[in-house]
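Participant: sequence unknown, structure follows:
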């Protein structure tokens, strides 16, 4: 009788150990293995994705700028990423700083150096990413333009049909200048000289000569020729 009780007790204990082993294996598979995998892969704590912003702001687009100007102040306009920090560069040096508007637009007046100027705008976002506009070249030239009429002299009187057509000759101090004589465009040579043939009217003829350069500097002179057929 005692032997049968002992056998039953041992059988119950065996089933308990088997059940305990099954539970242990299940716990190891369910939670243990993933835990050890996380430990091997890192510190075992949950990972939080923190992606760094590496995308630069939109390349600043500049509005049209003059090829040359006689003013040291240049207004630079355009657009880029809204709120971006801006550096306005003149010859690779910061002239002035600003911040793009909420719509990405910007407008600022920078100071030019004498002569040729490399104009750019550099934009930076909060993450420190940078983008820069293309280079625009602007010449600052405020040197006065000299204009001289070399022939004929003011007040000259001309007689006869052979002298009705006269050549107005002159020169400018800047070869790239544009010359207009009485509303007619005149070709200017590489040395700044020019010649314009003009037919005189009977009596007093007032001749207006205007010269201007790309920067907007200009000069004007007048002469009067008297013609008698």
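Facilitator: Thanks, I have the structure now. Please read all numbers here as calculations on a predicted model, not as lab measurements. Numbering: from 1, shown residues only.

Participant: how's this protein carved up into domains?
Facilitator: With automatic domain parsing as the criterion, the domains of the chain are listed as 61-140, 147-228.

Participant: so how far is residue 157 from residue 202?
Facilitator: 12 Å (Cβ to Cβ, to the nearest Å). C-betas here are computed from N, CA, C, even on glycine.

Participant: Kindly apply the preceding question to residue 100 instead.
Facilitator: In terms of Cβ to Cβ, residue 100 sits 66 Å off from residue 157.

Participant: between the two, who's got more neighbours?
Facilitator: In this view residue 100 and residue 157 are compared by other Cβ atoms under 10 Å, and residue 100 has more residues nearby, 22 against 11.

Participant: Hmm, that one is touching residue 83, no?
Facilitator: Yes - using Cβ atoms under 8 Å, residue 100 makes contact with residue 83 at a distance of 5.9 Å.

Participant: how close does the nearest residue to residue 165 once chain neighbours are set aside sit to residue 208?
Facilitator: Among residues not flanking residue 165 along the chain, residue 199 sits closest, at 5.2 Å (Cβ to Cβ, 6 or more residues apart in numbering). Applying Cβ to Cβ, the value for residue 199 to residue 208 is 16 Å.

Participant: more crowded one of these two?
Facilitator: Shown here are residue 199 and residue 208; by other Cβ under 10 Å, residue 208 has more neighbours (12 against 9).

Participant: Can you point out the helix or strand that includes that one?
Facilitator: If you go by DSSP states H and E, residue 208 is part of strand 203-212.

Participant: Pull up the pairing partners for that strand, direction included.
Facilitator: Strand pairing for strand 203-212, determined by DSSP bridges: strand 178-181 (antiparallel), strand 218-228 (antiparallel).

Participant: Identify each buried residue in the last one, please.
Facilitator: Of the residues in strand 218-228, those scored as buried under the neighbour-count criterion (16 or more other Cβ atoms under 10 Å) are 219, 223, 225, 227.

Participant: Just put the residues you listed in JSON lines and tack on pLDDT.
Facilitator: Listed next are the buried residues of strand 218-228 as JSON lines, based on pLDDT from 0 to 100:
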{"residue": "219", "pLDDT": "97"}
{"residue": "223", "pLDDT": "96"}
{"residue": "225", "pLDDT": "98"}
{"residue": "227", "pLDDT": "98"}
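
Participant: Nearest to residue 112, out of the residues you listed: which one, please.
Facilitator: Of all the buried residues of strand 218-228, residue 112 sits closest to residue 219, with 22.4 Å by Cβ to Cβ.

Participant: How about the contacts made by the closest one?
Facilitator: Residue 219 makes contacts with 144-147, 172, 210-212, as judged by Cβ atoms under 8 Å, 6 or more residues apart in numbering.
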